[in-house]
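> Let me see the structure of the following:
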Amino acid sequence: MINPKKVLFICTGNSCRSQIAEGLLKKMGNRKFEVFSAGSKPSKLNPHAIQVMKEVDIDISNQSSENINKYLNTGINILITVCDNAQKSCPTFSEDVIKLHWSVKDPFISWDYDPSQLATFRITREKIKNKIIHFLKTMES
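Okay, here's the model as predicted:
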């Protein structure tokens, strides 16, 4: 069996977009990937991200906000930044790492849970899901 590719999603706080992307690729990737997420300035998992992922039967509540540096020498094959700030501040990974950038608007408004914020997070989830569908098609060819 071929070793799965290691994919790392990066955003600034590792609280919303990269966490959503990690959960989606874990579910949609059919175990072809080891999936991680990290932040340049990690914070904590956003409760709105947890809720909108729960709506599509993906539990990300046990994921944690990690620092990018944790993954520098771990054999990452594919690095995907999901915010413009993370792309600018991303540390240098090995030359043979495939680097992709998905500019996804940050849905974060507040740490306080407010159901009225969920619509924005749903839009973010669907944008990332569409990017992952395209990514998976690209990886198959």
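
> show me where pLDDT drops low in the chain?
1-2, 90-92, 141 (pLDDT under 70).

> Quick one: the strands in it, in order.
5-11, 33-39, 78-81, 98-101 (DSSP state E).

> Any chance of those in CSV with mean neighbour count and distance to S65 as columns?
Heads up, the C-betas are built off the backbone N, CA and C, glycines and all. Converted to CSV, the strands of the chain look like this (neighbours: other CB atoms under 10 Å; distance: least, CB to CB, whole Å):
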stretch, mean neighbour count, distance to S65
strand 5-11, 25, 10
strand 33-39, 23, 6
strand 78-81, 23, 16
strand 98-101, 14, 21
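
> Tell me how many other residues surround K26.
18 (other CB atoms under 10 Å).

> residues in contact with it?
F33, V35, I58 (CB atoms under 8 Å, 6 or more residues apart in numbering).

> got it, and L24?
Shown in contact with L24 (CB under 8 Å, 6+ apart): M53, I58, R125, I128, K129, I132.

> With neighbour count and distance to I68 added, can I get these in JSON lines?
Below are those laid out as JSON lines (neighbours: other CB atoms under 10 Å; distance: CB to CB, whole Å):
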{"residue": "M53", "neighbour count": "22", "distance to I68": "22"}
{"residue": "I58", "neighbour count": "18", "distance to I68": "23"}
{"residue": "R125", "neighbour count": "24", "distance to I68": "23"}
{"residue": "I128", "neighbour count": "25", "distance to I68": "19"}
{"residue": "K129", "neighbour count": "17", "distance to I68": "23"}
{"residue": "I132", "neighbour count": "21", "distance to I68": "20"}
